[in-house]
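Trainee: Please work out how this folds:
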Amino acid sequence: MHIADVTMFHAPASGGVRTYLQAKHRVFSHYPDLRTSLLVPGAERDSLGDLHTLPALHLPLGQGYRFPLRAAPWRDALLRLHPDIIEAGDPYVTAWAALEAGQRLGVPVVGFYHSDLPRLMGDRFGGYVRQRLIRYVTKLYRQFDSVLAPCQAMANRLQDWGVDNVRVQPLGVDLNLFNPQQRDPAFRQAMGLPSDKKLLIFVGRNSREKNIDVLLSTIRQLGSDYHLLLMGPGMPHQVPTNVTVVDRCCGAHEVATALASSDALLHAGTRETFGLIAQEAMACGTPVIGARAGALAENVPLGAGILCCPLDPSAMAEACTALFSNDVAASGHYARRYVERHFNWDSVMHALLAHYGTLRDDSLPYALPQHR
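Mentor: Numbers count the residues shown, from 1 in each chain. Presented below is the predicted three-dimensional model:
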């Protein structure tokens with residue numbers, strides 16, 4: 001089976017989508033009867049192994065993203081790849097190209113709804129824009145043979161809009177990379193923090209829906225016994241004295257060390273469709289203090305952290321105090337076990353592959369590889 005992924009969500013700051021695509025290629029490469037191709041925007045037309053790029057407009061304030069303007073080149077590139085199944089990872093030009101290519105090739109086309117476009121844009125531009133985008137998203141995703149949503153709340157929303165054939169497809173975590181053994185005592189020393197200081201961390205880009213201002217208000221209320229580390233592009237620099245900022249895209253190994261070396265993840269996001277950084281923190285044995293909203297409400301179970309009222313710094317500060325008044329280490333151990341059971345990339349991808357098989361009416365299931 002040849003699987004082709006196409007998306008504009010492929011940039012250094014693209015977070016979960018890029019991680020998902022990399023994991024898909026890594027896991028599926030162990031199956032001898034599978035081939036993967038990835039078609040994404042770039043500065044020029046190029047091909048390197050299974051990665052193919054087409055030129056697209058660079059977005060000046062888009063943190064490395066490029067936006068395709070015409071569907072035809074993307075459709076034609078997919079036709080040349082001639083896959084057995086196509087997965088579109090964004091709701092823009094490449095999605096329409098995928099649908100047209102799939103129709104011409106006579107192959108199934110899957111739409112993965114990674115980002116809740118109507119809510120994100122509606123927060124910025126109001127209810128009229130939200131309703132227009134709901135109609136647009138509904139029209140687009142009704143045309144896919146199958147629609148994937150990363151959490152149940154997002155699947156329910158799509159179904160409420162009238163999109164059928166929706167399946168919850170969670171993301172996963174690299175359990176070898178994100179694990180408690182990444183903890184490094186020198187990490188705190190390099191920050192100049194004493195060992196008894198409670199270190200909180202958030203990793204991600206500074207976009208509106210991440211509510212970094214709530215994190216800053218929370219750490220002000222918590223005071224000098226706590227320290228907050230913000231890692232990611234676009235982070236503010238005017239911050240309280242008990243905040244350290246790393247204003248850049250950080251590599252996965254650096255993130256894993258930072259998560260494992262911190263005491264808790266602090267996450268105020270209310271528009272998460274999966275919340276991958278929360279799962280990566282939990283895999284590192286680091287409990288989560290987060291907003292009770294979006295995918296965090298589904299994927300951070302009782303015992304692996306504490307969820308609080310969204311957009312409420314006082315409630316978040318109280319949650320921090322409550323977490324550290326109990327056995328933080330026990331919460332971290334439970335968090336790790338939970339991710340091992342539910343978000344192992346091998347299991348996640350095997351389930352996805354089985355779903356692909358149903359779309360293609362494959363009579364023989366793909367078995368998990370026995371040797372790695």
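
Trainee: Just give the nearest non-adjacent residue to A43, would you?
Mentor: The shortest distance from A43 to any residue other than its chain neighbours is 6.5 Å, reached at P55 (CB to CB, 6 or more residues apart in numbering). Using the backbone N, CA and C atoms, a C-beta is placed for each residue, glycine as well.

Trainee: Please list all residues in contact with the one you found.
Mentor: For P55, the contact set (CB atoms under 8 Å, 6 or more residues apart in numbering) comprises 41-45.

Trainee: just for the stretch 51-200 of the chain, where's the confidence low?
Mentor: Within the stretch 51-200 of the chain, the stretches falling below the threshold (pLDDT under 70) are 61-64.

Trainee: switch to 80 and redo it
Mentor: 59-67 (pLDDT under 80).

Trainee: In it, what residue spans correspond to strands?
Mentor: Remark: strands of the stretch 51-200 of the chain, listed N- to C-terminal, are 51-55, 57-58, 66-67, 85-88, 109-112, 146-149, 166-168, 198-203; assignment by DSSP state E, counting those that start in this stretch.

Trainee: For those, give me TSV that also has distance to L79.
Mentor: Putting those into TSV (distance: least, CB to CB, whole Å) gives the following:
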stretch	distance to L79
strand 51-55	12
strand 57-58	22
strand 66-67	21
strand 85-88	10
strand 109-112	13
strand 146-149	21
strand 166-168	26
strand 198-203	39
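
Trainee: ok so, going back, highest neighbour count among the contacts of P55?
Mentor: For the contacts of P55, the largest number of neighbours (other CB atoms under 10 Å) sits with P41, at 24 neighbours.

Trainee: Strand partners (parallel or antiparallel) of the longest strand belonging to the chain?
Mentor: With residue count as the measure and DSSP state E as the assignment, the chain has strand 35-42 as its longest strand. Next to strand 35-42 in the sheet, as set by DSSP bridges, lie strand 2-6 (parallel), strand 51-55 (parallel).

Trainee: Out of these, the one nearest T273 is which?
Mentor: Of all the strands paired with strand 35-42, it is strand 2-6 that lies closest to T273, at 17.4 Å by CB to CB.

Trainee: List the neighbours of the closest one that are in contact with it.
Mentor: By CB under 8 Å, 6+ apart, strand 2-6 touches 21, 24, 28, 34-40, 74, 78, 81-89, 94, 97-98, 356.
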